[in-house]
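Colleague: Compute the structure for the input listed below.
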Amino acid sequence: MAHSIEIKELNKLESIGDKVTLLDVRRKTDYEATPQKIGGSVWRDPEKIDEWVKQLPASNRTVVYCVKGGSVSQSVAERLRREGIDALFLEGGLKAWIGNGQPVQDVRAINDAYVIQTSDIDLLRKSGVSENDIVHSVKVAEKALEIAERTNKELDMELVGRGALFHDLGKAKTHEIEHGKLGAEMGLALGLPEAITAVMEKHIRGGLSAEEAVELGLPVKDYTLRSLEERIIIYADRLVDIITDGIVSLREEREAEKRFEEILRTIPKYGKNDKTLDRYLNYHREIQSSF
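Modeller: Reported below is the predicted structural model:
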């Protein structure tokens, strides 16, 4: 079958270490009705493909699956190929995978599976990140994971935790605005996944447009935060600043969320400028509406 892959072929690719992006593209109703998925896969809503297609690593082969390997996964794979991605759909889908006796994960338990690794904190330290910046990064990772869990959405929690922990890696070299770019370069040299280095590069001002990048003297590209995981990390980063800076008096951490719009609108340090302010407020509203 053209542009498809069989179960045994997929297992072989993963066993020999080939880079494969595995996506569960079942419709939301099907995904919620059967809370199981193939290990290592990430669910993406096929009806929102325009929102997530650009975040896929073009260097990886991408395999998508739906319930039975029918029109949903086939149409998603076809769209990905039009975007220049080497994409295949899994023959028989999740039903064939389960029928073949292959292991699955319960998506309801996945959000509790990731914890911050001391080895990652050690890597920050060895890279030259200061203790103060490490403390900040750990707090951002903890806050991002907390928020992600509250959304009750199926998210890549490792990306949330590690992306948040490493977002300021570039501060080992500078605290200026180019620390995002430098951090991404350092992360790639350390062998960190592209999804994590992308967070480092894109977190500056909450996801710059190409036009804003020109104004700031950064490489000209679109820094838009395209995944919910990325937006949660940047939202958590701003919340931690509000909680720890001491500029705003808070009775409890959650008050930073309740007063987020007021604080960003009245304190320029947090809102930066109109474009940055609008981005942060949009992230805040999107994330709060998911609780």
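
Colleague: Just the pLDDT for the nearest residue to K153 once chain neighbours are set aside.
Modeller: Nearest in space to K153, with sequence neighbours left out and distances taken as Cβ to Cβ, 6 or more residues apart in numbering, is S290 at 6.2 Å. (C-beta placed from N, C-alpha, C; glycine too.) With respect to pLDDT, S290 scores 85.

Colleague: how near is S290 to T276?
Modeller: As judged by Cβ to Cβ, to the nearest Å, S290 and T276 stand 22 Å apart.

Colleague: Of those two, give the one with the bigger neighbour count.
Modeller: Per other Cβ atoms under 10 Å, whichever of S290 and T276 has more neighbours is T276, with 19 against 14.

Colleague: quick one: contacts for that one?
Modeller: 205-206 (Cβ atoms under 8 Å, 6 or more residues apart in numbering).

Colleague: Would it be right to say that it lies in a helix?
Modeller: Yes: counting by DSSP: H, G, I helix; E, B strand; the rest coil, T276 is part of a helix.

Colleague: Stretch 214-226 spans what distance, first to last residue?
Modeller: Length of stretch 214-226, first residue to last, Cα to Cα, to the nearest Å: 20 Å.

Colleague: got the contact list for it?
Modeller: Counting by Cβ under 8 Å, 6+ apart, 51-52, 54-55, 177-178, 180-181, 201-202, 204-210, 213, 231, 234, 283 sit against stretch 214-226.

Colleague: count of residues packed around F291?
Modeller: Residues contacting F291 under the criterion other Cβ under 10 Å number 9.

Colleague: tell me the contacts of it?
Modeller: 150-152 are the contacts of F291 under Cβ under 8 Å, 6+ apart.

Colleague: swap in L155?
Modeller: By Cβ under 8 Å, 6+ apart, L155 lies in contact with 111, 148, 228-229, 232.

Colleague: May I have the secondary structure class of it?
Modeller: Here L155 is coil, with the state taken from three-state DSSP.

Colleague: Low-confidence bits of the chain, can you list those?
Modeller: Along the chain, segments meeting pLDDT under 70 span 1-2, 14-18, 107-113.

Colleague: now the strands: where do they sit in this structure?
Modeller: Here the chain has its strands, by DSSP state E, at 4-5, 20-24, 36-38, 42-43, 61-65, 87-90, 104-106.
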